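*Asks:* using only what follows, build the 3D model:
(chains A, B and C)
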Amino acid sequence: MEELFVNMGQIRSLKSTGVLTTVGLGSCVGVTLYDSVAKVGVMGHIFLPTSRGSNGSTITSPGKYADTGIPALIEQAVKLGAQKRRLVAKIAGGANLFPNLNLNSVSIGEQNIAAVIKNLSNHNIPIVGKDVAGNHGRKMRFFVETGRVCVTAIGKEPIEI
Amino acid sequence: MYDAKLDFLRELGNIGTGHATTALSQMLQGKLFQLVVPDARMLPFEEAADFIGGLEQVVAGIFVAVSGDVSGHMAFILPIDSAMTLVRLLTSGQNEELDEMALSALQEMGNIMITSYLNALASMTDMVFAPSVPGIAIDMAGAVWQSVLAGAQAADEVTIIRTDFYADGSAIEGHIIFLPDEEDFVKIARVMGLEDM
Amino acid sequence: MPKKVLITDDTAFMRMTLKNVIEKNGFEVVGEAGDGEEAIAKYKELQPDLVTMDITMPKMDGITAIKEIMKIDPNAKIVVCSAMGQKPMVIEALNAGAKDFLVKPFDAERVVEALRKAAP
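*Replies:* Purely as a prediction, here's the structure:
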């Protein structure tokens, strides 16, 4: 079974079979979109909430930001044969690994979660599974044949979302 | 010009880490540490994620924001085995597991090392590099490193100075990473008499 | 009568380490503070003979705490114990009224020597 790794800011997709995996979800949010009829799955690894203020690098990596990443994920899914109205989302991550540091008044993780939820809602894509926030890192594995998403973390039982 | 800038960054890494490991050595009754030649790079975001390697390995990460004349961020990352060995040595065998006191010992050790690194740069350049209160996380390397990059807001190109160190016969190894803010790096170079960086 | 010491550091590990060293050498640790604010409150409450003070701490840093304690008691004997050893900070701490400035890591003798010198 093919396993594709999705790095920070990347978007990757599979059809019918295989696993999409992303490791290293700290404050980042992993997002999966799935069309269970066409069996098309895409996964993104969102790093920051908005592309406002960036200097044009969005063109090369729209997957870095929630506002450009969600549309890019949808586009990739549709390209592979998915229908937008059938897409459902699952999200994991958005943690704060260094809570006592207070680098921002609202942690980047919280901002990412809010931005992802808002952008999915703008496109009418329901979130059917989530495991977000907290203070621990996560790994997310997305099985495209079934749409199952498994989230694992150090010292915690693996869960399915 | 590019090479000169990287050489300079490597030199900063060398000096900083030299002081940091000297400090660590003093905390561990004079244990000797070897430094691996620092790796200095300016990486596009897409490559920065892989920089640390071993994404699923469990590590201890101590993270600090730097302010003053120079701003940026610093991280001290070590595999969990090395962290446990250090805790045992620091507490003279009192701590065998990663409880609150062990985490406190690790955090303090990371704090002393990072601050020693910054003290060395400060002394060399006559500038102030003030560290924040540190944060500590025990987690998968990928998540820790990603959180460090997010904290440093490294969304485009990121400058990374990384020095590895290890102690012979004692399974202690780690990475000290300095992520200077771009504009401030230029300040340092100018102070050192290196124009056109 | 052993001299009474208040230890200030944001790390439990360093407070424990300092307490062990200090108590082994004939002093009495009467209290511990985790930040500058707590140090001021405990100083007023416990009236120690000596204070060890870290610099980088949450809520209130050590230099601010030194200034506030010196206002309360111009005879306060404060010895800085910090990883931060950069000249401007050292000068600021000493100008604020600290009697000595030890840079971590330091060995036990050095701490004891500094405390004895500050409050003979």
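
*Asks:* ok, which stretches of chain B are strands?
*Replies:* B:34-35, B:39-44, B:58-68, B:72-79, B:129-131, B:135-140, B:157-167, B:172-180 (DSSP state E).

*Asks:* what mean pLDDT does the single longest helix found in chain C have?
*Replies:* Identified as the longest helix of chain C according to DSSP state H is helix C:12-24. Mean pLDDT, helix C:12-24: 95.

*Asks:* and residue B:58, how far from residue B:52?
*Replies:* 13 Å (CB to CB, to the nearest Å). Quick note: C-beta positions are derived from backbone N, CA and C, even for glycine.

*Asks:* and for these two, which residues touch both?
*Replies:* Shared contacts of residue B:58 and residue B:52 (CB atoms under 8 Å, 6 or more residues apart in numbering or on different chains): residue B:141.

*Asks:* name the residues that touch the longest helix of chain C?
*Replies:* With CB under 8 Å, 6+ apart as the test, helix C:12-24 has contacts from B:90-91, B:100-101, B:104-105, B:107-108, C:5, C:7, C:9, C:29, C:32, C:34, C:52, C:54, C:81, C:104, C:108, C:111-112, C:115.

*Asks:* out of those, which are buried?
*Replies:* The neighbour count (16 or more other CB atoms under 10 Å in any protein chain shown) marks B:90-91, B:101, B:104-105, B:107-108, C:5, C:7, C:9, C:29, C:32, C:34, C:52, C:54, C:81, C:104, C:111-112, C:115 as buried among the contacts of helix C:12-24.

*Asks:* quick one, helices of chain B?
*Replies:* Under the criterion DSSP H, helices of chain B are mapped to B:2-27, B:45-48, B:80-90, B:100-125, B:141-151, B:182-191.

*Asks:* mean pLDDT lowest where, among those?
*Replies:* helix B:182-191 (a mean of 75).

*Asks:* for the spatially closest residue to residue B:133 that is not a sequence neighbour, helix, strand, or coil?
*Replies:* Excluding its sequence neighbours, the residue lying closest to residue B:133 (CB to CB, 6 or more residues apart in numbering or on different chains) is residue C:58, at 5.0 Å. At residue C:58 the chain is in coil, as set by DSSP: H, G, I helix; E, B strand; the rest coil.

*Asks:* which non-adjacent residue is nearest residue B:129?
*Replies:* The nearest residue in space to residue B:129 (CB to CB, 6+ apart) is residue B:118, at 4.0 Å.

*Asks:* show me what contacts the one you found?
*Replies:* Shown in contact with residue B:118 (CB under 8 Å, 6+ apart): B:16, B:66, B:74, B:129-131, C:86.

*Asks:* in CSV: the residues you listed, plus neighbour count and distance to residue C:97.
*Replies:* Compiled in CSV, these are given as follows (neighbours: other CB atoms under 10 Å in any protein chain shown; distance: CB to CB, whole Å):
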residue, neighbour count, distance to residue C:97
B:16, 27, 31
B:66, 25, 27
B:74, 29, 30
B:129, 29, 25
B:130, 22, 21
B:131, 22, 23
C:86, 23, 19
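
*Asks:* would you mind measuring from the residue nearest to residue B:129 to residue B:19?
*Replies:* 9 Å.

*Asks:* got it, and residue B:137?
*Replies:* 24 Å.

*Asks:* who has more neighbours out of these two?
*Replies:* residue B:137 (26 against 21; other CB atoms under 10 Å in any protein chain shown).

*Asks:* with adjacent residues omitted, what lies nearest to that one?
*Replies:* residue A:97 (4.0 Å).

*Asks:* residue contacts, the one you found?
*Replies:* A:26-27, A:135-137, B:61, B:135, B:137, B:139, B:143-144, B:147.

*Asks:* who's the residue most central in space within chain C bridged to?
*Replies:* Note on chain C: the residue nearest the mean C-alpha position is residue C:52, at 1.3 Å, using CA atoms, centre = their mean. Using DSSP bridges, the bridge partners assigned to residue C:52 are residue C:7, residue C:79.

*Asks:* then stretch C:93-113 to CSV, C-alphas only?
*Replies:* Written as CSV, here are the backbone C-alpha positions of stretch C:93-113 (Å, rounded to 0.1, in the frame of the first residue of the first chain):
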residue,chain,number,x,y,z
ALA,C,93,22.0,44.9,38.7
LEU,C,94,25.0,46.2,40.7
ASN,C,95,23.8,49.8,40.2
ALA,C,96,20.3,48.8,41.4
GLY,C,97,22.0,47.6,44.6
ALA,C,98,23.0,44.0,44.2
LYS,C,99,26.1,43.2,46.3
ASP,C,100,27.5,40.6,43.9
PHE,C,101,26.7,38.9,40.5
LEU,C,102,27.3,35.2,40.0
VAL,C,103,27.0,33.8,36.5
LYS,C,104,25.6,30.2,36.2
PRO,C,105,26.9,27.6,36.2
PHE,C,106,28.8,28.4,39.4
ASP,C,107,30.3,26.1,42.0
ALA,C,108,29.2,25.8,45.5
GLU,C,109,32.2,27.6,47.0
ARG,C,110,31.6,30.6,44.9
VAL,C,111,28.0,31.0,46.1
VAL,C,112,28.9,30.5,49.8
GLU,C,113,31.8,32.9,49.5
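
*Asks:* near chain B, which residues of chain C are found?
*Replies:* C:10-14, C:16, C:56-58, C:83-89, C:103-105, C:107 (CB under 8 Å from any CB of the partner chain).

*Asks:* can I have the buried ones of those as a ChimeraX selection?
*Replies:* Buried members of the residues of chain C next to chain B can be picked out in ChimeraX with the line below, counting by 16+ other CB under 10 Å:
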select /C:10,11,12,13,14,16,56,57,83,84,85,86,89,103,104,105
